[in-house]
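Colleague: Here is a sequence with its predicted model. Questions after.
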Amino acid sequence: MTTFGDLDGRLAQGWGGRKPNGCRVIVVLARRGGTTAAGLLTTLTVPTERLAPILVSVGEDRDSCTAVQPPTLLVGHEVAASGRTAALVFGASQVGVAQGVLDSVADGLLEADQETMVFVSLWLDHDADDETAVRFSAREAVGEAVRDAVTGHTKERVRGLVEERDRLTHPYYGGD
């Protein structure tokens, strides 16, 4: 297993689910006391209209909510367009993010401790409408991103990107 010190500043993205209930996440891993953690914690102390970070926690009611270990901060990539989208980010997505992080702990990729922090920036389609699908999407995306942040791309994958660089595209790119 990679030690928590080796993870500081690692980042990756993950995709989960299908439109309109799919999501994309960017995950940054940080070490407590490091500069990456200091920068990430600044987002908690200086929220903006655009970013309202939350400490990911789960439980059946307010009194039983427990923060996920390792501590995980969740912010949306953008302001939610409606109350429904915001509820999906802070409800279903939060549960899925928690599950994805805890899957990574169960898989031995992360330690369930206070030494490592996970920062998740999540994009959710404004047309999302299915809480269960959104939860599954967030879980899948976070699991993929954490795995990629910890293990990195294979040399073959990186070589493939370099070799295909003139033919690269993206799901949101429609040009020539």
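Modeller: Looks like it came in fine.
Colleague: who does the residue lying closest to residue 71 once chain neighbours are set aside bridge with?
Modeller: Leaving aside its sequence neighbours, residue 71 sits nearest to residue 117 (Cβ to Cβ, 6 or more residues apart in numbering; 5.2 Å). Placement of C-beta: from N, CA and C, glycine included. Beta bridges link residue 117 to residue 30 when assigned by DSSP bridges.
Colleague: same question, the one 5 residues further on
Modeller: Each beta-bridge partner of residue 122 is listed here: residue 25, residue 76, as defined by DSSP bridges.
Colleague: and it, how many neighbours does it have?
Modeller: 26 (other Cβ atoms under 10 Å).
Colleague: ok, now the one 5 residues further on?
Modeller: Number of residues near residue 127 (other Cβ under 10 Å) recorded here: 12.
Colleague: Please apply the same query to residue 115.
Modeller: Residue 115 is flanked by 18 other residues according to other Cβ under 10 Å.
Colleague: Give me the secondary structure label for the most centrally placed residue in the chain.
Modeller: Among the residues of the chain, the one closest to the centroid is residue 120, at 3.3 Å (Cα atoms, centre = their mean). Here residue 120 is recorded as strand under DSSP: H, G, I helix; E, B strand; the rest coil.
Colleague: give me every residue that touches the nearest residue to it once chain neighbours are set aside.
Modeller: Excluding the flanking residues, the one nearest residue 120 by Cβ to Cβ, 6+ apart is residue 74, at 4.9 Å. Applying Cβ atoms under 8 Å, 6 or more residues apart in numbering to residue 74 gives the contacts 53, 54, 56, 89, 93, 94, 97, 120, 122.
Colleague: So which of these belong to helices?
Modeller: 94, 97 (DSSP state H).
Colleague: hmm, which two among the contacts of residue 74 are most spread apart?
Modeller: The span of the contacts of residue 74, defined through Cβ to Cβ, is set by 53 and 93 at 13.0 Å.
Colleague: of those two, who's got more company?
Modeller: Higher neighbour count among residue 53 and residue 93: residue 93, with 30 against 21, using other Cβ under 10 Å.
Colleague: end to end, how far does stretch 112-130 reach?
Modeller: 30 Å (Cα to Cα, to the nearest Å).
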